[in-house]
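A.B. asks: Quick check, what structure comes out for this input:
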Amino acid sequence: MSDFLKYIAAALLAILLSIIFYIKTFSLPPEGYQFPRLLIAVVILLSIAMVIEAYFKLIKNAKKNVKTEKNKTEKNVNSLRVFIFGLLIGLYVFTIKPVGYFIVTPLYLAVVYLYLKSTSIRNIVLISLGFTIFVYLLFVKFLHLPIPMGFFS
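C.D. replies: Numbers count the residues shown, from 1 in each chain. Modelled structure (predicted):
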């Protein structure tokens, strides 16, 4: 599959998910649906921009008569790693409601950062806790939106 088709597939998937999330915003309270809809619009615009950028790269490469073969220094995708990462996402989504957002989210972020080997332990703890505190302050205290509390409800 060419890179251009991959970009189109990714953009269509993002737009499809955005439409699904947009439909879900109708069940939110009136004071809580505006921010998600704004984010949905941003995702759709960025998806369209990604396809446009890929199209211009395709045209540019065609004009230069450059073959779009993979760079020899580019690594192949490790399918097992991607599958495990997908399972982690699924596990996160299915445990939020019964266990609670504020327990599952920092654990999920820490496990994912450790699995991806992306930063130090100190940064993992700071990011996991910092993001969770930010979400608590924004959605619970400021916007007064319900968050799945799990054990705390």
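A.B. asks: any weak-confidence spans in this protein?
C.D. replies: Along the chain, the parts satisfying pLDDT under 70 run over 1, 65-77, 153.
A.B. asks: Pop the domain breakdown of it in here.
C.D. replies: 3-75, 79-152 (automatic domain parsing).
A.B. asks: Can you lay out these as CSV showing mean neighbour count?
C.D. replies: From N, CA and C alone the C-beta is placed, and that goes for glycine too. Rendered in CSV, the data for the domains of the chain read as follows (neighbours: other Cβ atoms under 10 Å):
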stretch, mean neighbour count
domain 3-75, 12
domain 79-152, 14
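A.B. asks: Let me see the backbone angles for Y108.
C.D. replies: Backbone torsions for Y108, taken as degrees, to the nearest 10, come to phi -60, psi -50.
A.B. asks: Chain neighbours aside, what residue packs nearest to it?
C.D. replies: Excluding the flanking residues, the one nearest Y108 by Cβ to Cβ, 6 or more residues apart in numbering is Y92, at 4.4 Å.
A.B. asks: Check P36 too.
C.D. replies: Computed as Cβ to Cβ, 6+ apart, the closest residue to P36 that is not its neighbour in sequence is T25, at 5.1 Å.
A.B. asks: Could you pull up the contacting residues of that neighbour?
C.D. replies: The contact partners of T25, by Cβ atoms under 8 Å, 6 or more residues apart in numbering, come to Y33, P36, R37, I40.
A.B. asks: One more: I89?
C.D. replies: Not one residue lies near I89 by Cβ under 8 Å, 6+ apart.
A.B. asks: any idea how far the longest helix along the chain is from the chain center?
C.D. replies: Among the segments of the chain that qualify as a helix by DSSP state H, the longest is helix 34-64. Average the C-alpha atoms of helix 34-64, do the same for its chain, and the two points are 16 Å apart (Cα atoms, centre = their mean, to the nearest Å).
A.B. asks: who does that helix touch, helix- and strand-wise?
C.D. replies: Of the remaining helices and strands, those touching helix 34-64 by 3 or more Cβ pairs under 8 Å, 6 or more residues apart in numbering; DSSP states H and E are helix 3-24.
A.B. asks: Okay, angle between the helix it packs on and helix 34-64 too, please.
C.D. replies: Using axes from the mean of the first three to the mean of the last three Cα atoms, to 10 degrees, the inter-axis angle of helix 3-24 relative to helix 34-64 is 170 degrees.
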